[in-house]
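Participant: Please work out how this folds:
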Amino acid sequence: MKAGAPQLLYPAAAIALVALVLRASLDGPSVMATVLAVAAGLLVLAGLVSLWRPRWQLLLTGVAAHAAVYILLAELPEIAGRAGLGFWCLVIAAWLTAWAFVQSLSEMRTEGRAASRLFGVIIPALFGIWCLILWELIVRGFAVPAVILPAPSAVWERILASIPILWADFQQTFIKAVLTGYAIGCLSGFAVAILADRIPFLRRGLLPIGNLVSALPIVGIAPIMVMWFGFDWPSKAAVVVVMTFFPMLVNTVAGLAASGAQERDLMRTYAANYWQTLLRLRLPAALPFIFNALKINSTLALIGAIVAEFFGTPIVGMGFRISTEVGRLAIDMVWAEIAVAALAGSAFYGLVSVVERMFTFWHPSYRS
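Facilitator: Have a look, this model is predicted:
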């Protein structure tokens with residue numbers, strides 16, 4: 001075990017001991033104070049035993065941190081808005097213990113590609129889950145009004161109660177506008193990049209324009225596209241096309257110039273023409289640049305489509321729902337739409353990354 005985890009267990013055990021001593025300050029019935037004191041005792045015991053027996057540290061900290069937070073969440077309805085100092089000491093101690101657990105997990109040596117990939121999924125998942133747990137504890141412990149920040153549990157309940165609405169908004173924004181605009185923008189940017197590589201005049205003229213258009217604000221482009229293409233999804237797809245076209249153009253042009261001079265000279269000695277050199281040398285060398293543009297565009301496309309819906313859309317769509325529900329102070333529905341958009345964007349980015357790894361496995365960044 002390395003030095004990082006014990007440095008976290010010292011303050012975790014000390015703060016849990018403070019929570020144990022201050023169990024009388026935990027607001028609520030004596031039964032609840034006793035239950036929370038048990039959670040504090042678990043954290044103290046796990047910290048002390050882990051420092052005494054380092055080999056047990058991973059197991060003890062994982063069990064103690066998650067058992068303590070389960071108790072905290074179970075007792076939270078009774079203590080919401082009335083949490084005392086002992087409660088927050090217990091929250092901090094559980095968080096530090098979980099941090100030590102995740103750090104020890106990340107320092108473990110894995111053998112085999114499958115184990116490495118499994119740990120690569122588990123560690124970010126634990127980090128994200130604990131962010132949601134802290135969000136839930138802070139919002140409900142301090143009784144933050146829902147119009148300011150709803151708890152994750154309230155957002156989840158809204159998602160379950162609004163699946164038909166969220167699915168209709170997802171279809172309108174992501175499937176129709178984002179995917180259509182993404183495909184058109186990336187393909188057209190790639191085709192124009194090939195043309196610009198063939199004709200130097202276009203390369204010198206288009207790249208400065210690309211830098212200029214990339215700096216244009218979405219709020220300036222979206223109303224114009226709505227006037228040109230109407231209020232339905234084609235105008236949102238047009239905004240996505242504008243946002244994705246030039247990143248693909250610039251990255252593809254840069255990628256086509258990435259092949260080395262010796263490789264190009266070798267192709268010329270083989271009497272290869274322009275298209276043979278392009279297909280067998282320059283495009284494979286440009287794949288990392290092309291996939292970089294695809295990954296950048298996967299997030300830009302969703303942002304552009306949602307923002308464009310603020311400026312005119314039918315009564316469906318993620319951007320429309322967000323702007324409407326904010327006006328009605330239904331902030332839980334706003335966060336539900338944000339959660340769906342975040343999951344969709346992350347899944348889209350991950351899909352592009354998987355395809356990139358399939359085609360660019362030879363790149364040095366993927367070598368173990």
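
Participant: remind me which residues of the chain are low pLDDT?
Facilitator: Residues of the chain meeting the criterion pLDDT under 70: 1-6, 22-37, 47-48, 50-56, 81, 110, 112, 260, 363-368.

Participant: Where does the record place the domain boundaries for it?
Facilitator: The chain breaks down by automatic domain parsing into domains covering 4-144, 159-366.

Participant: Dump the ones you listed into JSON lines; add mean neighbour count and distance to Pro152 as well.
Facilitator: Quick note: C-beta positions are derived from backbone N, CA and C, even for glycine. As requested, these are exported to JSON lines (neighbours: other CB atoms under 10 Å; distance: least, CB to CB, whole Å):
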{"stretch": "domain 4-144", "mean neighbour count": "18", "distance to Pro152": "5"}
{"stretch": "domain 159-366", "mean neighbour count": "18", "distance to Pro152": "8"}
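
Participant: got CSV for those domains, with distance to Ala151 too?
Facilitator: Below are the domains of the chain laid out as CSV (distance: least, CB to CB, whole Å):
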stretch, distance to Ala151
domain 4-144, 4
domain 159-366, 9
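
Participant: Select, out of the ones you listed, the one closest to Ser153.
Facilitator: Nearest to Ser153 among these is domain 4-144; the distance by CB to CB comes to 6.1 Å.

Participant: next one: the closest one to chain centre, how far?
Facilitator: 24 Å (CA atoms, centre = their mean, to the nearest Å).

Participant: any residues touching stretch 326-343, and which ones?
Facilitator: 146-150, 154-155, 157-159, 162, 166, 169-170, 173-174, 302, 306, 318, 321-322, 325 (CB atoms under 8 Å, 6 or more residues apart in numbering).

Participant: whoops, I mixed them up, stretch 196-205
Facilitator: Under CB under 8 Å, 6+ apart, the answer for stretch 196-205 is Val192, Leu195, Leu206, Leu207, Leu249, Val253, Leu256, Tyr274, Leu278.

Participant: and which of those residues is nearest to Ala344?
Facilitator: For the contacts of stretch 196-205, the minimum distance to Ala344 (CB to CB) is 25.3 Å, reached by Leu249.

Participant: so Ile159 makes contact with Leu166?
Facilitator: Yes - if you go by CB atoms under 8 Å, Ile159 and Leu166 touch, sitting 6.6 Å apart.
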